[in-house]
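>>> Here's a sequence, model it:
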Amino acid sequence: MAQPALFISHGSPIMAIKQSATSDFLTSLGKTLKTPSAIVIFSAHFDMAHDEAAHNIVITAGNAPESIHDFYNFPAHMYNIKYPAPGEPSLANDIAARFKDKGIEAELNASQGWDHGVWIPLRLMYPQANIPIVQVSINTRLGAKAMYEFGQLLAPLREQNILIIGSGGISHNLPEIFKKPSTPNRVQMVNEFTQWVEQTLLAQDTPALLNYLADAPHVLFNHPTQEHFLPLFAAMGAGGKQVEKLFSDIEMDILALDAYKFY
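Residues are numbered from 1 along each chain as shown. As a prediction, this is how the structure comes out:
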């Protein structure tokens, strides 16, 4: 049986140390899935949009990538957390070859570590840290269609018992959390956007989803920048024809933490 592709909302870094409905969900999710032989993950926090080099993609290729603590002003002991799962250089090479075959340049990087969009959810899903991981960058400059196509290129890996994950957020407006006074109708705008995403995903209306910047309600309120939404398209492209909503929750009124399975 092939592995699914997943989209998970990784939430705030505080989830590394604080129990929540989302952390409980991720812990249970790891127990309900067939144990994968490897994980390929696209994270919102590994974005090549500002890379001036010719390649569009960077792939982690080290044997033991470091855990990157790419967040600020959190409790000090969070910066000592490690997630020592192994890398998988042979799989990284395979992925790079799949992109190259389609004329897409990809860089293998043996020193690139895993950002918190990778190790925080995977530490909950697979606390033994014994499943090899390869991280593939996103690129907000290229947009949804490209991320969907990148997922499609990797879809055959699911038949090899490899789990493909997009890690981001169904809504992600951090400035609004700190805004005083808050936007009056912000809860309604989040609900209308997340409902549109759910309805459009379950209807399997891929053209509308790929055109979400024009079609979705309140899209720039829910995603002032697009990096947390684009991993959804990689998961969509990598998945099968069936879509299932696995989880929903909202923190701080506006951070929607929905998760989906594509199989």
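>>> quick one: the strands in the stretch 1-150 of the chain?
Secondary structure of the stretch 1-150 of the chain, counting by DSSP state E, counting those that start in this stretch: strands at 5-9, 38-47, 57-60, 106-109, 133-138.
>>> Tabulate the ones you listed (JSON lines), appending distance to residue 97.
C-beta: built from backbone N, CA, C; applies to glycine. Converted to JSON lines, these look like this (distance: least, CB to CB, whole Å):
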{"stretch": "strand 5-9", "distance to residue 97": "20"}
{"stretch": "strand 38-47", "distance to residue 97": "14"}
{"stretch": "strand 57-60", "distance to residue 97": "10"}
{"stretch": "strand 106-109", "distance to residue 97": "9"}
{"stretch": "strand 133-138", "distance to residue 97": "13"}
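>>> closest one to residue 78 among those?
Nearest to residue 78, of all those, is strand 38-47, at 15.1 Å by CB to CB.
>>> quick check: angle from that closest one to strand 5-9?
40 degrees (axes from the mean of the first three to the mean of the last three CA atoms, to 10 degrees).
>>> helices or strands next to strand 38-47 in the packing?
If you count contacts as 3 or more CB pairs under 8 Å, 6 or more residues apart in numbering; DSSP states H and E, strand 38-47 packs onto helix 89-101, helix 116-125, strand 133-138, helix 144-154, strand 162-168, helix 230-238.
>>> if you set the cut-off to 10 Å instead, what comes out?
The elements that strand 38-47 packs onto, with contact taken as 3 or more CB pairs under 10 Å, 6 or more residues apart in numbering; DSSP states H and E, are strand 5-9, strand 57-60, helix 89-101, helix 116-125, strand 133-138, helix 144-154, strand 162-168, helix 230-238.
>>> May I see these organised as CSV, with distance to residue 190 and mean pLDDT added?
Formatted as CSV, the helices and strands packed on strand 38-47 follow (distance: least, CB to CB, whole Å; pLDDT from 0 to 100):
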stretch, distance to residue 190, mean pLDDT
strand 5-9, 12, 98
strand 57-60, 31, 96
helix 89-101, 34, 97
helix 116-125, 20, 98
strand 133-138, 22, 98
helix 144-154, 20, 98
strand 162-168, 15, 98
helix 230-238, 16, 98
